[in-house]
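# Need coordinates for the below:
(chains A and B)
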Amino acid sequence: EAEVAQSPRYKITEKSQAVAFWCDPISGHATLYWYRQILGQGPELLVQFQDESVVDDSQLPKDRFSAERLKGVDSTLKIQPAELGDSAMYLCASSLAPGSDYGYTFGSGTRLTVV
Amino acid sequence: GDSVTQMEGPVTLSEEAFLTINCTYTATGYPSLFWYVQYPGEGLQLLLKATKADDKGSNKGFEATYRKETTSFHLEKGSVQVSDSAVYFCALIKTGNQFYFGTGTSLTVIP
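Modelled structure (predicted):
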């Protein structure tokens, strides 16, 4: 069964350092999402891509977070500088297209701890 | 705005007990409704979904019925197993939009 690949699985970084996460969606999936899940809460959308274009980044803290999907395939989410409050699980998901008729598949996530 | 409210946990049940996890939603239009499950240290896995009113989603013994009149999508299972221990998330999505997740309900099943 096809999977959404994310790396690393775990990352510990010091406050004020830069950190990056990588996501490789299922082949052919045009829509890609990054979600942040704080411990004890549900995931919240950070950014949505359609191919290489950002469709929604209204909840992305743009002063420190950036995301790209240069060739419309894999994607990178970066935080610089990291803050203690950024400690969370970062989940990537992909879909053939936006809309509830299409299946969404989530990756296993990257657990970030900022110390 | 759109939102999902689910019962707070944690929930602890004995094996073979009946499970209900309540979920209600607020949304304009006609959202699709989902239940996702998250095992420790893992990402989200789709458990079941329903795309229109009165639809029943089912998978692995779990069921949920899309009730538009009560704006609910309660998750049920007749006989839980230890392997069902996980966190369960109710979620909604409308075409072209993002998922809105509830805060999650932790389930522990004891032998």
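# can we go C-alpha only for contacts and neighbour counts from here?
OK.
# Quick one: name the residues of chain A near chain B.
Counting by C-alpha under 8 Å from any C-alpha of the partner chain, the positions of chain A adjacent to chain B are A:40-45, A:91, A:98-101, A:105-109.
# Mind giving me the PyMOL command for buried ones among these?
Command for PyMOL that selects the buried part of those, burial taken from 16 or more other C-alpha atoms under 10 Å in any protein chain shown:
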select buried, chain A and resi 42+43+44+45+91+98+99+100+105+106+107+108+109
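# Farthest-apart pair in the residues of chain A next to chain B, please.
The span of the residues of chain A next to chain B, defined through C-alpha to C-alpha, is set by A:40 and A:101 at 28.6 Å.
# Tell me which residues touch residue B:89, please.
A:42, B:6, B:35-38, B:101-105 (C-alpha atoms under 8 Å, 6 or more residues apart in numbering or on different chains).
# Distance of the residue lying closest to residue A:107 once chain neighbours are set aside relative to residue A:25?
Spatial nearest neighbour of residue A:107, excluding adjacent residues (C-alpha to C-alpha, 6 or more residues apart in numbering or on different chains): residue A:4 at 4.6 Å. Per C-alpha to C-alpha, to the nearest Å, residue A:4 is found 5 Å from residue A:25.
# Can you name the next helix or strand after the lowest-mean-pLDDT helix or strand in chain B?
One helix or strand of chain B scores below all others by mean pLDDT, DSSP states H and E: strand B:99-101, with a mean of 87. For strand B:99-101, the following helix or strand on the C-terminal side (DSSP states H and E) is strand B:105-110.
# strands paired with that following strand, and their directions?
strand B:11-14 (parallel), strand B:86-93 (antiparallel) (DSSP bridges).
# Can you flag the weakest of these by average pLDDT?
For those, mean pLDDT drops lowest on strand B:86-93, to a mean of 94.
# starting at the chain centroid, how far to that one?
Here the centre of strand B:86-93 is set off from its chain's centre by 5 Å, with C-alpha atoms, centre = their mean, to the nearest Å.
# residue boundaries of the helices in chain B?
Remark: helices of chain B are absent; assignment by DSSP state H.
# List the strands paired with the least confident helix or strand of chain B, with their directions.
Partners of strand B:99-101, by DSSP bridges, with direction: strand B:86-93 (antiparallel).
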